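# For reference, the sequence and a predicted model appear below.
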Amino acid sequence: MKDKQNKEITNRDVDFARWYTDVVKAAHLASYSNTKGCIVIEPNGYAIWEKMQSILDSKFKETGHVNVSMPLLIPENLLRKEGELVKGFAPEVAWVTSGGDKKLDERLCIRPTSETLFSDYFASNVSSYRDLPKLYNQWCNVLRWEKETRPFLRSREFLWQEGHTIHETKEEAEAETLSMLNIYNNFFHDYLAIPSIVGKKTEKEKFAGAEYTYTVESLMYNGVALQSGTSHYFGQKFSKAYDIKYLNRENKFDYPYQTSWGVSTRMIGALIMVHSDDYGLVLPPKIAPKKVVIIPIGNDLEILSLANDYLDKLKKEGIEAYIDNSDKSPGYKFADAEVNGIPVRIEIGKRDLENNMITLVRRDTREKMQVFTNTDIIHDVKILLEDIQRDMYDRALRRREEMTYTVTDLEEFETIMNSHPGFVKAMWCGNAECEEKIKEIRGTKSRCIPFTDEKISDKCVVCGKKADTLVIWGIQY
RNA sequence: CGGGAAGUGGCUCAACUUGGUAGAGCACCUGGUUUGGGACCAGGUGGUUGCAGGUUCAAAUCCUGUCUUCCCGACCA
C-alpha cells in the first residue's frame, strides 16, 4: 500500500515550527486574523477548549469554587496600587485612551490578568472572617502585548481561566495553592496524556507580585519546555496593597491571604506539540470532542444500516461518534479523520463484510485491526479508546525521560542544549547570577524546583559552591 | 523592538526585471459515473493583486508609508 503523507503538513523532524503551524491550519483549529497575535479559534479548536473547560470547571466546582465575571478594563490607578505587578506587566499592557472621540481623563488598561480587579472587589466585599474564604474563578480572555506571537502558544489575546481566592489563614491559602496545582497536574496526566513536572519557580521566574509560584511544566516533542499552568501564593501582598481588611475572630482588623491560578488555550498548543505527527492532529480520547468516526465504503444498504447501528450503540454508551457519509472517496475520508485526530475509525466495506468483518483503526499508531461483526464491537472500541489514552501517555513519558538529562558539569550542560535539548537536572546554589549564566546557553531558563527531594551532587553546576537545590532547566516557548 | 524574506480567488503559485487592464493547478458549485489510502468525466462560479497614498495617458508591476505572516536575535510577568 502506498503511504502518502499529508501533503499540507511539513515533516516534523525537518522543521518543527512550520510543522506546528501546518497542523494548526490543516486540522482547522485556528486561523490568523488581521490583528497581530489575535487568532480565530475555529470550531475544531474551540471544541477542544470547551472539553477542557467542562472537565476543569466541574473539578473547580467539586472543590467549592464558583464562577464570576470581572470587567475587561482596569483604571490605571487601580493597577498601580501593587508595585511589583505593575513593573512586571507594564511592557505588555494595552491601554484604552479614548471613548468615541473624547480623550479619557484616566487611561483604562485591558486586563492582562485580574488580580487587581478581584482585590478591589474583595476590599469592599470582605469585612468579617465570616465572609471568608471566597473561592472565585472566571473564564475569560486577556490581552498581553507580546512581541513574538504563535497560535495558542503565545498570542496577544488568549482564553483562560483565572481562579482567585481569599482566605483567613496562611495555611488555608497555601493548601489552596497546592490543591489547585494538583488539579492541573492530574488533568494533564489523566486527560491530556501529558506527563508534567510540578514544582516551584525560582525568584527570578515567579509571577510578579506572588510570594511564590508553583508551575506545571511539560516537554514538547522537540525538547522545548512549555509552562502549562501556574498556581500562585500571594500571602498578604495584595490584601495590604488594596487594603482588604476584615475583622477576625478576636474582633481585630487583619489582612487575609490570597491565591490565584490559571491555565489557558496554550494547553491546545501543548497537545499538538506532545502528541501530533506528520499526518496531523493526534488527540487523547478523553479530550477528543469526537472519539469515533464511522466510514462506510460504498452505498450498499447493508453497509449503511450497519454504520447507523454502530452509531446508535456508541451514542448510547456516551461515546461521541459520527458517520462520514460525504461523497468523498474513502481515501479522502481516512486522511481527513487522521488530520483531525479522531482517535478511532471504523471502516465498513463490502470486502470485509463478505468475511463478516469490519476494520478498526487507531489514530495514534495508525494500526489497523480486522474484527468479526458478530463480536461486541462497541466493547472493542471502548477498550481501544482506553488503550490509546494509556499508550499516548506512556509514549510521551518515555520520550520525556529520554530527553531528560542529569548534569554536574557546565560544559556538558552546554553540549546537551546545543545538540539535543530537553529537561536538564542540575544542582543550583540559589544565586541569581548563576541562573543568569545558564541563560547564556541558548536562553536556557530554570523551569522549576521539583517537589521530589532529589540530589545529584552538592555543588552548583555553575559556580561549584555548595548547592542543595535541584533545578530542572530547559529552553522555553 | 532590531536584521532578513514574503503578501496576487479558499490554498499553492505564475505574470513584476522591461508598466498596456490578471492566469494555472488544487479546492468549491451543478450533473453523471464511482467508492478498501487524498477518484473520474462534462460544465460552471469566484480576484478593483494586504491596505493607504504617489508617479503615469495607463500600475499586480515603479516610489513612499503602513498592516499582517514566516525565519534569526532581543523580550516573554
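Perfect, I can see it now. Numbering: from 1, shown residues only, chains lettered A, B, ... in the order given.
# Spell out which residues of the stretch 101-250 of chain A are next to RNA strand B.
In this structure, the stretch 101-250 of chain A approaches RNA strand B at residues A:112-113, A:144, A:146-151, A:154, A:205-209, judged by Cβ under 7 Å from any atom of the strand. Just so you know, the C-beta spots here come from the backbone N, C-alpha and C atoms, and that holds for glycine as well.
# Among these, name the buried ones.
A:112-113, A:144, A:146, A:149-151, A:154, A:205-209 (16 or more other Cβ atoms under 10 Å).
# Which residue in those has the weakest pLDDT?
Of all those, residue A:208 carries the smallest pLDDT score, 85.
# nearest residue to it other than its sequence neighbours?
Leaving aside its sequence neighbours, residue A:208 sits nearest to residue A:88 (Cβ to Cβ, 6 or more residues apart in numbering; 2.6 Å).
# Would you mind stating the distance between that neighbour and RNA strand B?
Relative to RNA strand B, residue A:88 is positioned 4 Å away (Cβ to the nearest atom of the strand, to the nearest Å).
# ok now do that residue, which residues does it touch?
The contact partners of residue A:88, by Cβ atoms under 8 Å, 6 or more residues apart in numbering, come to A:207-209.
# In PDB, could you pull the C-alpha coordinates for whichever strand or helix holds it?
Element membership for residue A:88, per DSSP states H and E: helix A:83-89. C-alpha atoms of helix A:83-89 as PDB (Å, rounded to 0.1, in the frame of the first residue of the first chain):
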ATOM      1  CA  GLY A  83       4.200  47.900  42.500                       C
ATOM      2  CA  GLU A  84       5.700  44.600  41.600                       C
ATOM      3  CA  LEU A  85       2.700  43.600  39.400                       C
ATOM      4  CA  VAL A  86       2.900  46.900  37.500                       C
ATOM      5  CA  LYS A  87       6.600  46.500  37.000                       C
ATOM      6  CA  GLY A  88       6.100  43.000  35.700                       C
ATOM      7  CA  PHE A  89       3.300  43.800  33.300                       C
END
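# now it, how far from the centre of its chain.
25 Å (Cα atoms, centre = their mean, to the nearest Å).
# wait, residue A:435 sits on residue A:201?
No. Using Cβ atoms under 8 Å, residue A:435 is not in contact with residue A:201; the gap is 11.3 Å.
# Packing partners of the longest helix along chain A?
Assignment by DSSP state H gives helix A:377-402 as the longest helix of chain A. For helix A:377-402, the packing partners by 3 or more Cβ pairs under 8 Å, 6 or more residues apart in numbering; DSSP states H and E come out as strand A:212-219, helix A:266-275, helix A:301-316, strand A:344-349, strand A:357-362.
# between the second one and strand A:212-219, how many degrees?
I take that to be helix A:266-275. Between helix A:266-275 and strand A:212-219, the angle comes out at 40 degrees (axes from the mean of the first three to the mean of the last three Cα atoms, to 10 degrees).
# cool, the longest one as well?
Angle, helix A:301-316 to strand A:212-219, by the same axes, to 10 degrees: 160 degrees.
# ok, the helix or strand that helix A:301-316 is followed by: who's next to it in the sheet?
Counting by DSSP H and E, the next helix or strand C-terminal to helix A:301-316 is strand A:321-323. Next to strand A:321-323 in the sheet, as set by DSSP bridges, lie strand A:292-297 (parallel).
# Contacts (any at all) between RNA strand B and the strand it pairs with?
Yes. Strand A:292-297 reaches RNA strand B (Cβ under 7 Å from any atom of the strand) through residue A:297.
# which residues are in contact with that strand?
A:303-304, A:307, A:310-311, A:314, A:319-325, A:330, A:333-334, A:337, A:342-350, A:381, A:385.
# Now the buried members of those.
Buried residues within the contacts of strand A:292-297, counting neighbours by 16+ other Cβ under 10 Å: A:303, A:307, A:310-311, A:314, A:319, A:321, A:323-324, A:333-334, A:337, A:342-349, A:381, A:385.
# Residue A:118 touches residue A:70, doesn't it?
Yes. In this structure, residue A:118 is within contact of residue A:70 by Cβ under 8 Å, at 6.6 Å.
# just to revisit the earlier point, touching both of residue A:435 and residue A:201, which residues are there?
residue A:446.
# Could you look up the SS state of the residue lying closest to residue A:242 once chain neighbours are set aside?
Nearest in space to residue A:242, with sequence neighbours left out and distances taken as Cβ to Cβ, 6+ apart, is residue A:119 at 3.9 Å. When classified by DSSP: H, G, I helix; E, B strand; the rest coil, residue A:119 comes out as helix.
# For the nearest residue to residue A:243 once chain neighbours are set aside, give me its contacts.
Closest residue in space to residue A:243, ignoring its immediate chain neighbours: residue A:123 at 5.7 Å, by Cβ to Cβ, 6+ apart. When contacts are counted by Cβ under 8 Å, 6+ apart, residue A:123 touches A:242-245.
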